[in-house]
Each structure stands twice: as C-alpha cells, then as structure tokens.
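[1] Have a look at this prediction, sequence included:
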Amino acid sequence: MEIIKIPLDELTPDPHNAKLHPADQIEQIKNSIEAFGNNDPIAVWGDQNLIVEGHGRYEALKELGYNEAECIRLDWLTEEERKAYALAHNQTTMSSGFDIEALNWNLDNIGEIDMSAFGFGNQHNEWFGSGDTGEAREDEEEYADFLEKFVPKHTTDDCYTPEGVYEAVADWVASEYGVNRKNFVRPFYPGGDYQAEKYKRSDIVVDNPPFSIMKEIIDFYRDQSVRFFFICPLLGSF
C-alpha cells in the first residue's frame, strides 16, 4: 500500500457519496488533524482521482488550508467493486458503539486534552460518569442504548427519543389536533426505511426523524399526502 501526495484540487469528490458529513463532524475532523496530524490517507480511484473514502477528511483539509493530501490508490478495483467498497467501508466502521466502561476509563485518564473538540461533550463526566466506582449508572446504560442505534440505516440515521418524552408529546399532539393516537406510526427506527413503509390514509407520523435529511423527509411526506408531526427532544420541536 503506497502512500502518495496529491494536490487537493486534483481530487474529485464522488457526486454519489452516500456518507453524510455534517458541519459539526467536519469541525471535529479538523480539530483532530490540528491536534494529532493527518494520519489517515484518502483512498482514490481512476484518472480523475475520484474519492472512494475520505470525503470528510478532504473537506476538513480544504478548510484548514492544506494544498495536498496523503492518498492511496485503489485502481485495481472495478467500478462496481469501487462502489461496493465505499459502502462496505462506511458500514464496517459505523456498525458498533463504545464499551462504556472502557470509554470512561480512557476519558478519565487522558488528562489535559480537551475531548469536547472531538464530540465528547464539554465535560465528559456529565455524559459517561467518572468511572471511579466501576459501576454502570442508569444514564450510562441509557446512553449505551443510544449508541447502539448508530448502526448503518437504509434512509434514516435514527434519532433517540426517551419513551417518557415520546408519550408526553404524543398525548399532546392527540389532544391539540383532535386525532386518534391509534393512527400514530413511528418509521424512524434502527434499520428502518421511512420511504418503504406502507402508509394507510389514516396514518399520522409522530416521530423524531434525522434532521440531516429533514427537507428530503418533508418533501416525501407532502408528495405522499402523509400527515406528520416531528419532534426533537432537548433541541426544540415543531
């Protein structure tokens, strides 16, 4: 595996790249590169140096002002294999969460490095516990369940809604709009595909969807004349 340097303006992002890279993730990648260096080559393919995997690193390096990036070539792959590998790479790197006890131990023993720059919250103890007792707290278990939801999905990246929050919102929606809770459906679940659901005319989607593709979801439901009410715990609702 030979690592070569290629100017960023000679790399071509895949217009059909399926992996989402929201702005906050790009910021975390930038923070990682600034703190530890760029240690992960971008994989490219073909005469146009099409990016197979590494779109997030590509965007981060551009924003940081880099002129070139370390790359590896995957030219031995066929076009079909190249497309399959891009999906397989993302699938295998996103399919598991954290061992909470091990995560706590590492965060507690890192010292002065601010891990909030990489998405671990301003004070990791608020999220994961101090790890001093070795006993899993209830909120740690709840967060572990949340992490398990972040496995590859079809068209949704799934959003965590505590059951008590959902029940309160669902009761309010039923009362406010005079609709029957028996008609409420929740298509945003691990492995779910909201576009493949078989909606009945009476169905009302009351759920917490992935906000990264919100416009796509709204357009779909409007086109299909499916009623909906979306919630977003802790961030607001509409």
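    Everything's here; your move.
[2] So what would you say the end-to-end distance of stretch 191-210 is?
    End-to-end distance of stretch 191-210 (C-alpha to C-alpha, to the nearest Å): 13 Å.
[3] As a check, name the ranges of all strands in the chain.
    4-7, 42-45, 50-53, 68-73, 184-185, 204-207, 227-232, 236-237 (DSSP state E).
[4] TSV for the ones you listed, including distance to residue 118 and mean pLDDT?
    In this view, the C-beta of every residue, glycine as well, is placed from N, C-alpha and C. Putting the strands of the chain into TSV (distance: least, C-beta to C-beta, whole Å; pLDDT from 0 to 100) gives the following:
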stretch	distance to residue 118	mean pLDDT
strand 4-7	25	96
strand 42-45	20	97
strand 50-53	20	96
strand 68-73	20	96
strand 184-185	36	94
strand 204-207	29	94
strand 227-232	23	88
strand 236-237	25	48
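[5] Nearest to residue 120, out of the ones you listed?
    Closest to residue 120 of the strands of the chain is strand 227-232 (C-beta to C-beta; 21.4 Å).
[6] what distance separates the closest one from the centre of its chain?
    20 Å (C-alpha atoms, centre = their mean, to the nearest Å).
[7] got the contact list for that strand?
    Residues from elsewhere that reach strand 227-232 (C-beta atoms under 8 Å, 6 or more residues apart in numbering): 159, 161, 165-166, 169, 173, 177, 203-209, 211, 214, 218, 221, 237-238.
[8] could I get it in PDB with only the CA atoms?
    This file holds the C-alpha atoms of strand 227-232, laid out as PDB (Å, rounded to 0.1, in the frame of the first residue of the first chain):
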ATOM      1  CA  ARG A 227     -49.700  13.800   7.800                       C
ATOM      2  CA  PHE A 228     -46.800  14.200  10.200                       C
ATOM      3  CA  PHE A 229     -45.600  15.900  13.400                       C
ATOM      4  CA  PHE A 230     -41.900  15.900  14.100                       C
ATOM      5  CA  ILE A 231     -40.200  16.200  17.500                       C
ATOM      6  CA  CYS A 232     -36.700  16.900  18.600                       C
END
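[9] Which neighbours in the sheet does it have, and how are they oriented?
    Counting by DSSP bridges, the strands paired with strand 227-232 are strand 204-207 (parallel), strand 236-237 (antiparallel).
[10] on that earlier part again, mean neighbour count added to the strands of the chain, as CSV?
    Output for those, formatted as CSV (neighbours: other C-beta atoms under 10 Å):
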stretch, mean neighbour count
strand 4-7, 12
strand 42-45, 22
strand 50-53, 22
strand 68-73, 18
strand 184-185, 18
strand 204-207, 22
strand 227-232, 18
strand 236-237, 10
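[11] All set, thanks.
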